[in-house]
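K.L.:
I need the structure of the sequence given here:
(chains A and B, ligands or ions: 2)
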Amino acid sequence: MYAQMVDTGVQRLRSTEELDGDERHFQERIDAGVRIEPEDWMPDSYRKTLVRQISQHAHSEIVGMLPEGNWITRAPSLLRKATLLAKVQDEGGHGLYLYAAAETLGVSRDDLIDALHEGKAKYSSIFNYPTLTWADIGAIGWLVDGAAIINQIPLCRCSYGPYGRAMVRVCKEESFHQRQGYDIMTVLAQGSAAQRRMAQDALNRWWWPAVMMFGPPDTESVHSAQSAAWRIKLHSNDELRQRFIDQTVPQADLLDLKIPDPDLRWNEARQSYDIGAIDWNEFHAVVRGDGPCNKERLAARRDAWDRGAWVRDAAAAHAEKTTIERKTGETR
Amino acid sequence: MKDWPLWEVFIRSSHGLAHKHVGSLRAADAEMAIGNARDVYTRRNEGVSIWVVRSADIAASSPGDKEPLFDPARSKVYRHPTFFQLIDGVKHM
Ligand SMILES: [Fe+2]
Ligand SMILES: [Fe+2]
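P.N.:
Ligands and ions are numbered 1, 2, ... in the order given. A predicted model of the protein is given here:
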């Protein structure tokens, strides 16, 4: 998802009976549904895993501003432009909520951002694909934000208080994102032949990357058991992926757009869609840094950070100057 | 660059309720903190007033004091109106 393949540093999941002292008490609180708050005792591995998960999620939000930001100046109408601008601003806010949640675990935002810019931290694979046409903005809102909602709603109930509360705020804003995307797709799908082709082409390119957003299949998800025990992962990758597919296929049908999967079939017995094989090699390549836009995204992030340095310096100098002025004013 | 200080943000909604904590953010000074809070936390008419307080200036009770601080109130059921049975015939009180 926005945080894919989060390493827990744990080799084997121990049962509550195998734990003792603080650790056992901690697990019992989680099992009882008690929220863990920043001042509470927590195992080091829980803290580290959460920092990884929340910061990956935060990085995804702000790197995710780049593919869409690409179309703000070229949106087809003033309304679409204002809408896209608001959506991309929301994503910046999501990044902020999440960095603030990570900071409650004792890390600094600047350090997290440094790790991203040095290529040491991950962000979601989905944002390494290019936005070639206006229809891609529709496809992202519909599919990518749609997938994000499915992932984020359960996280509102996760065990760590600040993360859960950040997710509540994020979820409130996401349904606007998905609807504006589907609205773009609807207009294109009901438009001229060229517009329909554009919508179909965007769906063709974004479908599989969106399906892969949920991360590797359950059989390969080594760290899921520990994350589930800690209640920082509430459903498995395959479960969430299936939910996304079952929700999205009928929405594509309504637009008369074709999901680019020849093996897609309704399974009457499972009351769910079966899909064709997922190309996990592509997923792993993108996570490794070899996706179509990995280098471009990191370069854009670093560039924005470097070019904003004088603004940050000026703000700090101004704050210092006014503090001094206030102090000398008081003594006069 | 030195980290900007952390600020806690409180928003009062238009319904006349008290300021409520909504989250935190980093800013160089109070003016910037209010500006950032406006941009992030009031984008959909959430409020009509913003307070920002430096996180470092907040004094908080410690989790270890939970029992001495809050347990005494548990046994004082008579502080709640529902503790008192009304006699028949009294309708609203
Ligand atoms: Fe978001
Ligand atoms: Fe979004």
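K.L.:
Now do the helices in chain B.
P.N.:
For chain B, the helices defined by DSSP state H cover B:30-41, B:66-74.
K.L.:
Beta-bridge partners for residue B:52, please?
P.N.:
Beta-bridge pairing of residue B:52 under DSSP bridges involves residue B:9.
K.L.:
pretty sure it is in contact with residue B:5, am I right?
P.N.:
No: Residue B:52 is beyond contact range of residue B:5, at 10.4 Å (criterion: C-beta atoms under 8 Å). Just so you know, the C-beta spots here come from the backbone N, C-alpha and C atoms, and that holds for glycine as well.
K.L.:
tell me, what's touching the two both at once?
P.N.:
Taking C-beta atoms under 8 Å, 6 or more residues apart in numbering or on different chains as the criterion, residue B:52 and residue B:5 both touch residue B:27.
K.L.:
more crowded one of those two?
P.N.:
residue B:52 (21 against 16; other C-beta atoms under 10 Å in any protein chain shown).
K.L.:
need the contact list for that one.
P.N.:
B:7, B:8, B:9, B:10, B:27, B:30, B:33, B:34, B:37.
K.L.:
Pick out the most distant pair among the residues you listed.
P.N.:
The span of the contacts of residue B:52, defined through C-beta to C-beta, is set by B:10 and B:27 at 14.5 Å.
K.L.:
ok, these two, which is more surrounded?
P.N.:
Set side by side, residue B:10 and residue B:27 show more neighbours around residue B:27, with 21 against 18, by other C-beta under 10 Å.
K.L.:
which stretches of chain A form strands?
P.N.:
Assigned by DSSP state E, the strands in chain A fall at A:265-267, A:272-274.
K.L.:
can you tell which of these is closest to residue A:27?
P.N.:
Nearest of the strands of chain A (C-beta to C-beta): strand A:272-274, 33.0 Å.
K.L.:
Give the buried residues for the closest one.
P.N.:
residue A:273 (16 or more other C-beta atoms under 10 Å in any protein chain shown).
K.L.:
strand partners of it, parallel vs antiparallel please.
P.N.:
By DSSP bridges, strand A:272-274 pairs with strand A:265-267 (antiparallel).
K.L.:
got a list of what the residue of chain B found nearest ligand 2 touches?
P.N.:
Closest residue of chain B to ligand 2, C-beta to the ion: residue B:43 (13.4 Å). With contacts defined as C-beta under 8 Å, 6+ apart, residue B:43 is in contact with A:86, A:89, A:90, A:93.
K.L.:
now, which of those residues lie close to chain B?
P.N.:
Of the residues in the contacts of residue B:43, proximity to chain B by C-beta under 8 Å from any C-beta of the partner chain holds for A:86, A:89, A:90, A:93.
K.L.:
Tell me the spacing between the last one and residue B:42.
P.N.:
It refers to residue A:93. For residue A:93, the distance to residue B:42 equals 11 Å [C-beta to C-beta, to the nearest Å].
K.L.:
Could you do the first one as well?
P.N.:
Plainly put, residue A:86 is 13 Å away from residue B:42 if you go by C-beta to C-beta.
K.L.:
How about the third one?
P.N.:
Separation of residue A:90 from residue B:42 (C-beta to C-beta) stands at 13 Å.
K.L.:
These two: who's more crowded?
P.N.:
Taking neighbours as other C-beta under 10 Å, residue A:90 and residue B:42 compare with residue A:90 leading, 22 against 17.
K.L.:
residues contacting the residue of chain B found nearest ligand 1?
P.N.:
Closest approach between chain B and ligand 1, counting by C-beta to the ion: residue B:40, at 12.9 Å. Shown in contact with residue B:40 (C-beta under 8 Å, 6+ apart): A:93, A:96, B:23, B:25.
K.L.:
so which of the residues you listed also contact ligand 1?
P.N.:
Filtering the contacts of residue B:40 for proximity to ligand 1 by C-beta under 5 Å from the ion leaves nothing.
K.L.:
quick one: low-confidence ranges for the chain?
P.N.:
Going with chain A. For chain A, applying pLDDT under 70 flags the ranges A:1, A:11-12, A:330-332.
K.L.:
hmm, I had chain B in mind actually
P.N.:
B:1-2.
K.L.:
Please identify the residues of it in proximity to chain A?
P.N.:
So far as C-beta under 8 Å from any C-beta goes, chain B lies against chain A at B:1-4, B:6, B:23-26, B:28-29, B:32, B:39-40, B:43, B:62-63.
K.L.:
Could you identify the buried members of those residues?
P.N.:
For these, a burial check counting by 16+ other C-beta under 10 Å picks out B:4, B:6, B:23, B:24, B:25, B:26, B:28, B:29, B:32, B:40.
K.L.:
Those residues in strands, which ones?
P.N.:
B:6, B:23, B:24, B:25, B:26.
K.L.:
Now the last one. Nearest residue, chain neighbours left out?
P.N.:
Taking C-beta to C-beta, 6 or more residues apart in numbering or on different chains as the measure, residue B:26 lies nearest to residue B:4, with 4.3 Å between them; neighbours along the chain are not counted.
K.L.:
Kindly format the C-alpha coordinates of stretch A:69-76 as PDB.
P.N.:
What follows is stretch A:69-76, C-alpha atoms only, in PDB (Å, rounded to 0.1, in the frame of the first residue of the first chain):
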ATOM      1  CA  GLY A  69       1.100  18.400  -9.900                       C
ATOM      2  CA  ASN A  70       2.300  17.700 -13.500                       C
ATOM      3  CA  TRP A  71      -1.200  18.500 -14.800                       C
ATOM      4  CA  ILE A  72      -2.200  21.500 -12.700                       C
ATOM      5  CA  THR A  73      -1.100  24.100 -15.300                       C
ATOM      6  CA  ARG A  74      -2.700  22.100 -18.100                       C
ATOM      7  CA  ALA A  75      -6.100  21.100 -16.600                       C
ATOM      8  CA  PRO A  76      -8.800  21.500 -19.200                       C
END
